[in-house]
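Novice: Sequence and predicted structure are below.
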Amino acid sequence: MVAEKKIIPIVAAEDAEEMSACAAAEPFALMVLGDSMEPEFVERDIIIIEPEGLATDGSYVLAWLNDEHIFRQLVKHGEKWLLHPLNPSYPDAEISGLEAVRGVIIQKSKPGRRKEAKRYVE
């Protein structure tokens, strides 16, 4: 008996909102691009996002800002929320509220290296 292979579509970021292959509440994976979250997250790291995760001060999140998804650390600053890049070369971005958060990063790993995984939520 041969197991059926499951096809996982790869789509451009601008098409991701239209994709309905995953239920809204299912965790999903993305690859880190760029250096805005270095040194904790480097380009090509794989991050796992929990769409229904609890976003708190200090959480790493995927958020919707200026008509695109952005990966940053969520920081409470007084009464406002900021999306904070770990790389000081990039500016903080203020969000109007937590409704901009689309998911919480719960794990990262290096492609092909299972033993190098790190969890952010227990």
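Specialist: It's in.

Novice: what are the ranges of the strands in this structure?
Specialist: Under the criterion DSSP state E, strands of the chain are mapped to 28-31, 46-50, 60-65, 68-77, 80-84, 93-95, 101-110, 113-119.

Novice: Could you tell me the least trusted of the ones you listed?
Specialist: Note on the strands of the chain: lowest mean pLDDT is at strand 113-119, with a mean of 78.

Novice: got the angle between it and strand 101-110?
Specialist: Counting by axes from the mean of the first three to the mean of the last three Cα atoms, to 10 degrees, strand 113-119 lies at 140 degrees to strand 101-110.

Novice: With just CA atoms, put strand 113-119 into CSV.
Specialist: Extracted in CSV, the C-alpha atoms of strand 113-119 (Å, rounded to 0.1, in the frame of the first residue of the first chain):
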residue,chain,number,x,y,z
ARG,A,113,17.9,20.6,11.3
ARG,A,114,15.2,19.3,13.7
LYS,A,115,17.5,19.4,16.7
GLU,A,116,18.0,23.1,16.3
ALA,A,117,14.3,24.0,17.0
LYS,A,118,13.4,26.5,19.7
ARG,A,119,10.0,26.9,21.2
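
Novice: just checking, what packs against it?
Specialist: Here strand 113-119 touches strand 101-110, going by 3 or more Cβ pairs under 8 Å, 6 or more residues apart in numbering; DSSP states H and E. The C-beta positions use only the backbone N, C-alpha and C, and glycine is treated the same way.

Novice: elements contacting the strand it packs on?
Specialist: strand 46-50, strand 60-65, strand 68-77, strand 113-119.

Novice: What strands line up against the last one, and which way round?
Specialist: In this case it means strand 113-119. Strand pairing for strand 113-119, determined by DSSP bridges: strand 101-110 (antiparallel).

Novice: Centre-most residue in this structure?
Specialist: Centroid check for the chain by Cα atoms, centre = their mean gives residue 62 as the closest residue, at 3.9 Å.

Novice: Test my guess that that residue contacts residue 68.
Specialist: No. If you go by Cβ atoms under 8 Å, residue 62 and residue 68 don't touch, sitting 10.8 Å apart.

Novice: sorry, back to before: let me know which of the helices and strands packed on strand 101-110 is the nearest to residue 101.
Specialist: Closest to residue 101 of these, according to Cβ to Cβ: strand 60-65, at 4.9 Å.
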